[in-house]
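Chemist: Just the structure for this:
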Amino acid sequence: MILVLVDHDRGTLDPLSTRALTAARKIDADIQAVVIGAAGAAVAAEVGKFGAKVLHVVNNAEISDYAPMASGRALSELVDSLKPAAVIAAGSPRGNEQLAHLAAFRDIPMAAECTSITLGAPHKVVRARWAGNLLEDANVHSDLLIASVMALAFEPEEVGGSAEVKEISVSLSPEDTVVKVLDRVGESSTGGVTLTDAKVIVSGGRGVGGPEGFGVIEELASLLGGAVGCSRVVTASGWRPHSEQVGQTGSKVAPNLYLACGISGAMQHIAGMKNSKTIIAINTDPEATIFRYADYGIVGDLHQVLPKLIEAVKAAK
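Modeler: Here you go, the predicted model:
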């Protein structure tokens, strides 16, 4: 049996968790899921669709929101009782952090960013290194395999079914909840499409020129029913919020269409968007690295190209 850690945000299932469930099911048809926080019971119907037969809900009052060390402790207790062959989660920052705590509690290795997993003695994994530019074959020497799957390496596949919900409480020490989410501040949700869900992303980099330059990017993204993204230098400059950053230290995305506007193509950014189905790059520098990854390239000023593209989209509608 494989135990899959699924993540949620106040009762809304993280889409990356459906990919982790799919990856686990390709290894063993017998999968169970665990979610941290009582609100996670709301995701039972969703995890059942992706093959989980049981959903274990850790409902300790102290971890109603994200608390990575407490999650690791809860996972360790479940491992003791369920004896799974592997514990798997999505290779997101939160997924990797929670599994790292589990590995520390069990004093065994953890394999991160796996694209292939074969259980055995030893376990064999293929994992992404150097921002996905190198695939490493590795052996994991431990009875229990702890591994995260590369965020966009597996397409989610529904199989139908439902998950039995089992609520549990675990033994926690005060140290387990030293790090936890206490409150959330910032912009409230607008109900718009998120980077993770977007089928179209219009992303801007240093070449946009400043925060005011994103107006044309926002307009095009809205017309295409997509989301706005940006590079790390943009968020570092304070032009856009970190929630819009695409890259190794931001969101990893795989939309049907990714428009990279004024983005040079640093490897940190490429790591987050190279799985896009179609990539269009607009840059004034014909030697920009981004063109090596683009399906279509336009050498030109985005402030001249995008207004004409907007006109064309409006005309087509």
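
Chemist: And for residue 298, the neighbour number?
Modeler: Neighbour count of residue 298, defined by other CB atoms under 10 Å: 18. For every residue, glycine as well, the C-beta is placed using N, CA and C.

Chemist: you'd agree it is in a helix?
Modeler: No: counting by DSSP: H, G, I helix; E, B strand; the rest coil, one finds residue 298 to be strand, located in no helix.

Chemist: contacting residues around it?
Modeler: 280-283, 305 (CB atoms under 8 Å, 6 or more residues apart in numbering).

Chemist: and what of residue 151?
Modeler: Residue 151 makes contact with 16, 19, 90-92, 252, according to CB under 8 Å, 6+ apart.

Chemist: before we move on, back to that, which of the contacts of residue 298 lies closest to residue 146?
Modeler: Taking CB to CB as the measure, residue 146 lies nearest residue 281 of the contacts of residue 298, at 37.9 Å.

Chemist: Assign a three-state SS to the nearest residue to that closest one once chain neighbours are set aside, would you?
Modeler: Leaving out its chain neighbours, the residue that sits closest to residue 281 by CB to CB, 6 or more residues apart in numbering is residue 294, at 3.9 Å. Under three-state DSSP, residue 294 falls in the coil class.

Chemist: Go ahead and confirm residue 294 touches residue 280.
Modeler: Yes: the criterion here is CB atoms under 8 Å, and residue 294 meets it with residue 280 at 6.3 Å.

Chemist: Now the common contact residues for the two.
Modeler: Here residue 294 and residue 280 have residue 260 as joint contacts, going by CB under 8 Å, 6+ apart.

Chemist: between these two, which one's more packed in?
Modeler: residue 294 (21 against 18).

Chemist: where's that one relative to residue 201, distance?
Modeler: Using CB to CB, to the nearest Å, we find residue 294 at a distance of 14 Å from residue 201.

Chemist: now do residue 221
Modeler: 7 Å.

Chemist: continuing past the lowest-mean-pLDDT helix or strand in the chain, what's the next helix or strand?
Modeler: Least confident element among the helices and strands of the chain, by mean pLDDT, DSSP states H and E: strand 8-9 (a mean of 87). The helix or strand immediately downstream of strand 8-9 is strand 12-13, counting by DSSP states H and E.

Chemist: circling back: who touches both of residue 221 and residue 201?
Modeler: Shared contacts of residue 221 and residue 201 (CB under 8 Å, 6+ apart): 227-228.

Chemist: if we can go back for a sec, in its sheet, which strands sit next to the least confident helix or strand of the chain, and in what direction?
Modeler: Here strand 8-9 is paired, per DSSP bridges, with strand 12-13 (antiparallel).

Chemist: I'd like the mean pLDDT over the partner strand, please.
Modeler: On average, the pLDDT along strand 12-13 is 89.

Chemist: How about stretch 162-177?
Modeler: The average pLDDT for stretch 162-177 rounds to 93.

Chemist: can you give me the offset of that stretch from its chain's centre?
Modeler: The chain centre lies 23 Å from the centre of stretch 162-177; the measure is CA atoms, centre = their mean, to the nearest Å.

Chemist: Show me which residues of that stretch are buried.
Modeler: Across stretch 162-177, burial judged by 16 or more other CB atoms under 10 Å covers 163, 165, 170, 172, 176.

Chemist: In strands only, show me the residues you listed.
Modeler: Among the buried residues of stretch 162-177, the members falling in strands are residue 165 (criterion: DSSP state E).

Chemist: Let me have the buried residues of stretch 162-177 in JSON lines, extended by distance to residue 114.
Modeler: Shown next, in JSON lines, are the buried residues of stretch 162-177 (distance: CB to CB, whole Å):
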{"residue": "163", "distance to residue 114": "24"}
{"residue": "165", "distance to residue 114": "28"}
{"residue": "170", "distance to residue 114": "26"}
{"residue": "172", "distance to residue 114": "29"}
{"residue": "176", "distance to residue 114": "27"}
